[in-house]
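Undergrad: Fold the following, please.
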Amino acid sequence: MLRHSFLISAVFFGVFSSSQLLSAPEPGSSLRLKRIVQTGVIKIGLQKIQPLYLEEESRPGIDVELAHRIAADLGVKAEIVIGTPEELIERVTKGTIDLSLGGLSSTVNRGLQVRFTGPYILVTPAGLLNRLKIPEESASIDFPKRQINSLRDIQIPGKLVVGVRAGSTNEQILKADAKFSTFHIETFATNLDILTALDKNQIDLLVADDIWIRSALKNRPDIVSRFQPILGPYSEEHLSIAVPPGDAEYWMLIDFMVKEYRRTGVITQILERYIDVTRDVR
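TA: A predicted model of the protein is given here:
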C-alpha cells in the first residue's frame, strides 16, 4: 500500500502536465464524457476514511483534493457522493456515479463488476507495536540484532493482542495468514478507536494501512516514543479509481490522468500534506 503526493493553488486546480486543458475535453465517442461536459458536473464517489476524507476546510483529505483536481482538469465541478466500498462499487456498476476513489482496492472480484485505472496510491498492511513487547536483545556484539521492518518480521513469544478495523482487508489478512494464528485479534469500528486502545495498553499491536499510520505519525510525532512503526511492505495493495464498464474511451482518459498525476508529482505533493513520507521512523 505506498509511494506518493499535493498543493492547493490556482496552479493546483489548473490543468495537468505540460499540455494544460484550456477548454473542455473532446468527448469523442464517449457518451458519459459528453454528458459530463454538457452538464458541467462529474459525480465522484468517496468513502469517509482518514486521511482520504477529512472534514477540515484547509485539509479536506487526499481523495477529496484528487476528486476536485480531476473535475477541474475536465473543466467541470465535482459532486461528491459518500458511501461504503460496497455501495460505491454498486453505484459505479450501475453508472449512477461517474467514478469512485474512496480508497478502493482493485481486486479480481471487483474488476469483474467495474473497470479500474492503474493505482493512484500503493499501500501495504502496516503496524504500530508497543515497544515494551519487543524482546530485549543480547548484549553480545556477535548476536545479530532482530529487525522488525514489516509485519512478517514479528516474532514475539506469547500471545500478542492485535487491533484491526472490522471488515477491512487487513482483518482478512490477519485471519487468513497462518503466521498470525497465535495472535489474539480484536476488531474496532475505526482506526482511531484502535489507536485509543493502543494508548491505553488494551492491545499490543495496531494493524492498518501504512498510509493511515503515516498520517497518524505526521499528526502525532510523539507516537514513536512508545510505539514502533512497522511500515515495510507485507503485500502490495492498489488504491485505484473505479469507472463504469462499457465506455473504453472514458476509462482510457481517466487512466491517462492518473498516470500523469503520478508522473508529474501531483499525487506525491498531495500525499505530503497528509502523511509522513520522508522521516526514517524505524
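Undergrad: so where do the helices sit in the stretch 151-282 of the chain?
TA: 169-176, 191-199, 210-219, 248-263, 266-272 (DSSP state H, counting those that start in this stretch).
Undergrad: JSON lines for these, including mean neighbour count?
TA: Every residue, glycine included, has its C-beta placed from N, CA and C. Shown next, in JSON lines, are these (neighbours: other Cβ atoms under 10 Å):
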{"stretch": "helix 169-176", "mean neighbour count": "16"}
{"stretch": "helix 191-199", "mean neighbour count": "18"}
{"stretch": "helix 210-219", "mean neighbour count": "22"}
{"stretch": "helix 248-263", "mean neighbour count": "18"}
{"stretch": "helix 266-272", "mean neighbour count": "21"}
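Undergrad: And the pLDDT at the nearest residue to Gly28 once chain neighbours are set aside?
TA: Once flanking residues are discounted, Gly28 sits nearest to Glu249: 5.3 Å by Cβ to Cβ, 6 or more residues apart in numbering. Note for Glu249: predicted pLDDT of 96.
Undergrad: same thing with Asn149?
TA: Reported pLDDT for Asn149: 89.
Undergrad: go on, the one 3 residues further on?
TA: In this prediction, Arg152 carries a pLDDT score of 90.
Undergrad: ok, the closest residue to it other than its chain neighbours - how many residues close by?
TA: Closest residue in space to Arg152, ignoring its immediate chain neighbours: Tyr234 at 5.9 Å, by Cβ to Cβ, 6+ apart. Tyr234 has 23 neighbouring residues, counting by other Cβ atoms under 10 Å.
Undergrad: Look up how far Val41 lies from Tyr234.
TA: Using Cβ to Cβ, to the nearest Å, one obtains 39 Å as the distance from Tyr234 to Val41.
Undergrad: same question, Glu56
TA: From Glu56 to Val41 the distance is 24 Å (Cβ to Cβ).
Undergrad: Compare neighbour counts for those two and give me the winner.
TA: Val41 (15 against 8).
Undergrad: List the beta-bridge partners for the more buried one.
TA: Lys77 (DSSP bridges).
Undergrad: Could you pull up the contacting residues of it?
TA: By Cβ atoms under 8 Å, 6 or more residues apart in numbering, the contact set of Val41 is 76-79.
Undergrad: Buried only: go through the residues you listed for me.
TA: The neighbour-count test (16 or more other Cβ atoms under 10 Å) marks 76, 78 as buried among the contacts of Val41.
Undergrad: Please work out how many residues are found near Ser106.
TA: Neighbours around Ser106, by other Cβ under 10 Å: 18.
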